[in-house]
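Chemist: Sequence plus the predicted model coming up.
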Amino acid sequence: MDLKNHSSPVLTDSVPVNKSRLGLSSLLLPCSPPASAYSSAMYLAIPRRKAIPGKLDDTHDNAWLDAMISSSPPPKKLNKDISSEIPQDEIDPAYCIWMLKFPSALTSFDQITSNAKGKQLALFLDYDGTLSPIVDNPELAFMSPVMRAAVRDVARYFPTAIISGRSRDKVYEFVGLTELFYAGSHGMDIMGPVRDSSFVNNHQNCIRSTDKQGKEVNLFQPASEFLPMIEEVFRSLVEITKGINGATVENNKFCVSVHYRLVDKKSWPVVARHVENILKNYPRLKLTNGRKVFEVRPVIDWNKGKAVEFLLESLALGNSDDVLPIYVGDDRTDEDAFKVLKESKGGIGILVSSKPKDTNALYSLRDPSEVMVFLKSLVKWRRN
């Protein structure tokens, strides 16, 4: 594989909005509980911050460490009940202001279903932080039985797919539902329905296969040539980080995740430096930063947004005005899907976040418990 004439590995990330950027005094901002309705006519102008590419040349740089911290909020404790109850005095006033522009998908549910009338609704869901809470150990990110039931019910009425950064096999292991379609490795490993179309057939990495139930499916892996390289990088990262207490490396087949959630904050620069040292020898791989995780991925023109387009086409829903795609996700990588739906598909993006963030989504939900309420509401609406 020719590695010449390629740029060095880069790290791209967007820094979420925080209170200091809003420049508002928390003592002066009124706020209502999460279930309150907000006027869609009111907007808060939040400036967009473009991702700044660049190598991890100086991991001691304060701005870089601030970016790692701001993109890695602490995990939230979720209630076992269907809805979350957050005391009034714990609500971030800046978040309430942000919700004027990105209102709750629950309080805006009538508006969403009004747009869906007479249309085929297609649902796309992220996994971590959307269907399951963010946890310290990524191997323990299980979805609750009630969430699984909600996903199963919604898939009975609408074509539903899960698009995750996890490997496709791992996310299927967590979800365990045969009614869904699955896309792992940020959409680089898609198992979808069989359909003859020029869009699907023109992709040379799309082959016919069978799922675990023996049903014929389309298996699409646009980064298949990178598999040996990803496996090699995975082994190197395991070796180089084994002396860092709390660091774990996850092989997601077409990408590698280096988790530093359990690493002492003083050692975060060490993790970053080790990862960059490995990637110096792999210019066809890029580095991105998520929630207390570094992700190594192939440099190809493919992302979750393109995965949504591929799945819509596979479902014969790609070029129809009578389709309303909805994507629910919580991470920076979900922004590609939000952008596709917003700009070309006439769909709806819903960001799951309890903090203000710059986003291409149209609506918001606070946490997985509100995602579950939303899914249940869709089922109830469809039944009625």
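Modeler: Cool, the structure landed.

Chemist: Quick one: the helices in the stretch 101-250 of the chain, in order.
Modeler: Listed in chain order, the helices of the stretch 101-250 of the chain (DSSP state H, counting those that start in this stretch) span 109-116, 145-157, 168-175, 198-201, 227-241.

Chemist: Make JSON lines from these and add distance to residue 339, mean pLDDT and mean neighbour count to it.
Modeler: From N, CA and C alone the C-beta is placed, and that goes for glycine too. JSON lines is the format used below for these (distance: least, C-beta to C-beta, whole Å; pLDDT from 0 to 100; neighbours: other C-beta atoms under 10 Å):
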{"stretch": "helix 109-116", "distance to residue 339": "18", "mean pLDDT": "96", "mean neighbour count": "15"}
{"stretch": "helix 145-157", "distance to residue 339": "24", "mean pLDDT": "97", "mean neighbour count": "17"}
{"stretch": "helix 168-175", "distance to residue 339": "22", "mean pLDDT": "95", "mean neighbour count": "20"}
{"stretch": "helix 198-201", "distance to residue 339": "19", "mean pLDDT": "57", "mean neighbour count": "13"}
{"stretch": "helix 227-241", "distance to residue 339": "26", "mean pLDDT": "96", "mean neighbour count": "17"}
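
Chemist: Compare these and give me the one nearest residue 378.
Modeler: helix 145-157 (5.6 Å; C-beta to C-beta).

Chemist: Kindly export the closest one (C-alpha atoms) in PDB.
Modeler: Output of helix 145-157 as PDB, limited to C-alpha atoms (Å, rounded to 0.1, in the frame of the first residue of the first chain):
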ATOM      1  CA  PRO A 145     -34.600  -3.700  28.900                       C
ATOM      2  CA  VAL A 146     -37.100  -0.900  28.600                       C
ATOM      3  CA  MET A 147     -35.000   0.900  26.100                       C
ATOM      4  CA  ARG A 148     -34.600  -2.300  24.100                       C
ATOM      5  CA  ALA A 149     -38.400  -2.800  24.100                       C
ATOM      6  CA  ALA A 150     -38.900   0.800  22.900                       C
ATOM      7  CA  VAL A 151     -36.400   0.300  20.000                       C
ATOM      8  CA  ARG A 152     -38.100  -3.000  19.100                       C
ATOM      9  CA  ASP A 153     -41.500  -1.400  19.100                       C
ATOM     10  CA  VAL A 154     -40.400   1.600  16.900                       C
ATOM     11  CA  ALA A 155     -38.800  -0.800  14.400                       C
ATOM     12  CA  ARG A 156     -42.100  -2.600  13.900                       C
ATOM     13  CA  TYR A 157     -43.600   0.600  12.500                       C
END
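
Chemist: of all the helices of the stretch 101-250 of the chain, which lies closest to residue 349?
Modeler: It is, among the helices of the stretch 101-250 of the chain and with distance given as C-beta to C-beta, helix 109-116, at 11.5 Å.

Chemist: Which strands or helices does the closest one pack on?
Modeler: strand 323-329, helix 368-383 (3 or more C-beta pairs under 8 Å, 6 or more residues apart in numbering; DSSP states H and E).

Chemist: Please identify the most buried of these.
Modeler: strand 323-329 (a mean of 26; mean count of other C-beta atoms under 10 Å).

Chemist: Point out the other helices and strands that the helix or strand that it is followed by packs with.
Modeler: Per DSSP states H and E, the first helix or strand lying C-terminal to strand 323-329 is helix 335-340. Helices and strands touching helix 335-340, by 3+ C-beta pairs under 8 Å, 6+ apart, are helix 304-314, strand 323-329, strand 348-352.
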